[in-house]
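Peer 1: coordinates only, sequence not included:
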């Protein structure tokens, strides 16, 4: 599958090929039709968080590894269903809620 990724902080994004995942269990595979760019994408592209007052927090020090495919605010068309997926059909349009909490 195609993705646009940060290969080097501050450089142009590059189109890369990644293996297409196979959905398992209740997972679904989306073909992304639209993707927003938000400020966290810009931080990843820069390679740091601007903490103000000239202070920066390196994303590399926080475990962010490049290359990294951009975009987490997505809308897509359901392309494939895992064997236990329900309530959705191939061709449906879905919005992704990308945040997974730690359970705390």
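Peer 2: Received it, and whenever you're ready, just let me know what you need. The structure displayed is predicted, hence computed values, not measured ones.
Peer 1: backbone phi and psi for residue 45, please?
Peer 2: Residue 45 adopts backbone torsions of phi -60, psi -40, taken as degrees, to the nearest 10.
Peer 1: and it, what does it touch?
Peer 2: Counting by Cβ atoms under 8 Å, 6 or more residues apart in numbering, residue 45 touches 6, 9, 10, 13, 70. All C-beta spots, glycine's among them, are computed from the backbone N, C-alpha and C.
Peer 1: In PyMOL, select just the buried ones from those residues.
Peer 2: To isolate the buried ones among the contacts of residue 45 in PyMOL, judged by 16 or more other Cβ atoms under 10 Å, type:
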select buried, resi 6+9+70
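Peer 1: what's the closest of the contacts of residue 45 to residue 27?
Peer 2: Nearest to residue 27 among those, counting by Cβ to Cβ, is residue 70 at 21.4 Å.
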